[in-house]
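Student: based on what follows, work out the 3D shape:
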Amino acid sequence: MPAAVRGGSRVASRGKGPAGPPKRPANRGKAGEGAAKPSEGRVSPKQVLMIAAGVLTLAVTGVLATGGRGQMLADAIGAGVDGRFGEAGFALRTVHVQGASAMATPDIVKAAGVYRDQPLLGMDLDALKGRVEQVGWVKEAQVVRLLPDTLVITVKERRQLAVWQHAGKSVVIDQEGQVIREADPARFANLPLVVGAGGDRHAGEILPTLAQRPKLMARLEALVRVDDRRWDLRLKDGSLIQLPAVEEEAALMQLEQLDLRSRILELGFERIDLRNPDMVAVRPRVSEPAVTAAAPAEPPAEGA
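Tutor: Presented below is the predicted three-dimensional model:
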């Protein structure tokens with residue numbers, strides 16, 4: 001007889017006796033087929049994160065409750081957490097350096113001090129950033145970790161401005177006069193040569209002005225700082241141009257006008273003195289006197 005429903009409740013039909021316990025479905029095939037296999041003691045990254053959160057909470061509580069002893073406990077727990085993160089796949093595999101030249105990249109990676117399979121989440125990024133910014137190539141840096149296994153170091157590299165020569169040493173400097181310690185001056189022969197005390201601090205002021213005059217720059221051998229007050233321009237042909245301590249650009253404009261009238265840069269000179277804005281003094285190059293050799297005397301005649 002089918003069950004009847006009354007007032008929304010269901011009344012079970014009468015049967016020949018109480019229903020027995022539900023039967024379990026018979027296992028088909030061999031035991032274990034179709035069932036999920038155990039994880040054999042391994043935990044998923046999500047589980048590691050949950051465990052780590054709980055452990056770190058306990059560590060903080062311990063620090064607050066026990067002072068220095070709690071700090072020691074927290075350090076030990078943190079090391080264990082880093083290990084679990086590494087087991088879960090959060091270990092360093094790749095380092096990307098962005099914004100750096102090929103010459104600067106090896107020095108940046110070395111200063112970072114990271115190594116393969118290092119726990120990524122345990123890294124002190126502020127300390128790493130500080131180490132990278134100690135590299136002479138680097139003006140500023142940012143460090144980001146990309147889970148699960150990548151570290152990205154983005155830098156703003158110092159622009160190489162000139163080779164500065166002073167006290168018997170040559171170094172590469174940037175626009176602010178900062179020395180790029182790791183840069184080999186021999187590899188920057190295309191940069192202008194700046195000589196003398198104070199040249200590092202003031203090169204960034206004069207070189208952009210000279211760069212606007214490619215004809216003059218092509219002839220420039222060295223930019224010499226005199227008494228840390230003014231500049232002399234030494235040209236490749238041995239000529240000397242003396243600039244004033246102030247109004248350097250106005251003096252260079254006078255030189256351009258002189259060159260337009262007389263092509264003096266092409267003809268050559270010994271010295272041009274531009275220190276007096278009211279008068280340009282030019283000393284022409286003195287040609288060396290011709291050297292003549294006397295003819296050898298005739299040998300005496302035989303029997304003389």
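Student: what is the neighbour count of Glu249?
Tutor: By other C-beta atoms under 10 Å, 12 other residues sit near Glu249. To be clear about C-beta, it is placed using only N, CA and C from the backbone, and glycine gets the same treatment.
Student: same deal with the one 4 residues further on?
Tutor: Residues within reach of Met253, counting by other C-beta under 10 Å, total 13.
Student: that's a strand at it, yeah?
Tutor: No: counting by DSSP: H, G, I helix; E, B strand; the rest coil, Met253 is not part of a strand but helix.
Student: could you measure from it over to Val246?
Tutor: Counting by C-beta to C-beta, to the nearest Å, the gap from Met253 to Val246 is 14 Å.
Student: next one: Leu210
Tutor: 16 Å.
Student: more neighbours: which of the two?
Tutor: More neighbours surround Leu210 than the other of Leu210 and Val246, with 18 against 10 (other C-beta under 10 Å).
Student: where in the protein is pLDDT low?
Tutor: Scanning the chain with the threshold set as pLDDT under 70 gives 1-89, 287-304.
Student: report the residue ranges of every domain in it.
Tutor: If you go by automatic domain parsing, the domain ranges for the chain are 45-87, 94-157, 160-283.
Student: next secondary structure element downstream of the helix or strand hosting Leu207?
Tutor: Here Leu207 sits within helix 199-211, counting by DSSP states H and E. Remark: after helix 199-211, the chain's next helix or strand is helix 214-219, criterion DSSP H and E.
Student: the strands in the stretch 151-300 of the chain, which residues?
Tutor: Ranges of strands within the stretch 151-300 of the chain are 160-166, 169-174, 179-180, 193-195, 220-226, 230-235, 240-242, 271-273, 281-283, based on DSSP state E, counting those that start in this stretch.
Student: in JSON lines: the ones you listed, plus distance to Val143 and mean neighbour count.
Tutor: Output for these, formatted as JSON lines (distance: least, C-beta to C-beta, whole Å; neighbours: other C-beta atoms under 10 Å):
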{"stretch": "strand 160-166", "distance to Val143": "24", "mean neighbour count": "21"}
{"stretch": "strand 169-174", "distance to Val143": "22", "mean neighbour count": "18"}
{"stretch": "strand 179-180", "distance to Val143": "21", "mean neighbour count": "20"}
{"stretch": "strand 193-195", "distance to Val143": "34", "mean neighbour count": "21"}
{"stretch": "strand 220-226", "distance to Val143": "38", "mean neighbour count": "18"}
{"stretch": "strand 230-235", "distance to Val143": "41", "mean neighbour count": "20"}
{"stretch": "strand 240-242", "distance to Val143": "47", "mean neighbour count": "18"}
{"stretch": "strand 271-273", "distance to Val143": "52", "mean neighbour count": "18"}
{"stretch": "strand 281-283", "distance to Val143": "57", "mean neighbour count": "12"}
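Student: Leu128: which of these is closest?
Tutor: Among the strands of the stretch 151-300 of the chain, strand 179-180 comes nearest to Leu128, with 20.7 Å by C-beta to C-beta.
Student: quick check: neighbours of that closest one in the sheet, parallel or antiparallel?
Tutor: According to DSSP bridges, strand 179-180 has the following sheet partners: strand 169-174 (antiparallel).
Student: before we move on, the earlier item: for the strands of the stretch 151-300 of the chain, which one sits closest to Leu146?
Tutor: For Leu146, the closest of the strands of the stretch 151-300 of the chain is strand 179-180, at 29.0 Å, according to C-beta to C-beta.
Student: neighbouring contacts of that closest one?
Tutor: 136-137, 158, 160, 164, 171-174, 200 (C-beta atoms under 8 Å, 6 or more residues apart in numbering).
Student: go again using 6 Å as the cut-off
Tutor: Contacts to strand 179-180, defined as C-beta atoms under 6 Å, 6 or more residues apart in numbering, come from residues 136-137, 158, 171-173.
Student: can you check stretch 123-133 too?
Tutor: Counting by C-beta under 6 Å, 6+ apart, 108, 111-112, 138, 141, 143 sit against stretch 123-133.
Student: repeat that for stretch 226-239.
Tutor: Residues contacting stretch 226-239 (C-beta under 6 Å, 6+ apart): 197-198, 206, 219, 221-224, 240-243, 245, 268-269.
Student: again with stretch 152-171
Tutor: Applying C-beta under 6 Å, 6+ apart, the contact partners of stretch 152-171 are 96-100, 104, 137-144, 172-175, 179-180, 185, 188, 191-195, 197, 199-200, 203.
Student: now do the end-to-end distance for it.
Tutor: For stretch 152-171, the first-to-last residue distance is 30 Å (C-alpha to C-alpha, to the nearest Å).
Student: between the contacts of stretch 123-133, which is nearest Leu260?
Tutor: The closest of the contacts of stretch 123-133, once distances to Leu260 are taken by C-beta to C-beta, is Val138, at 44.3 Å.
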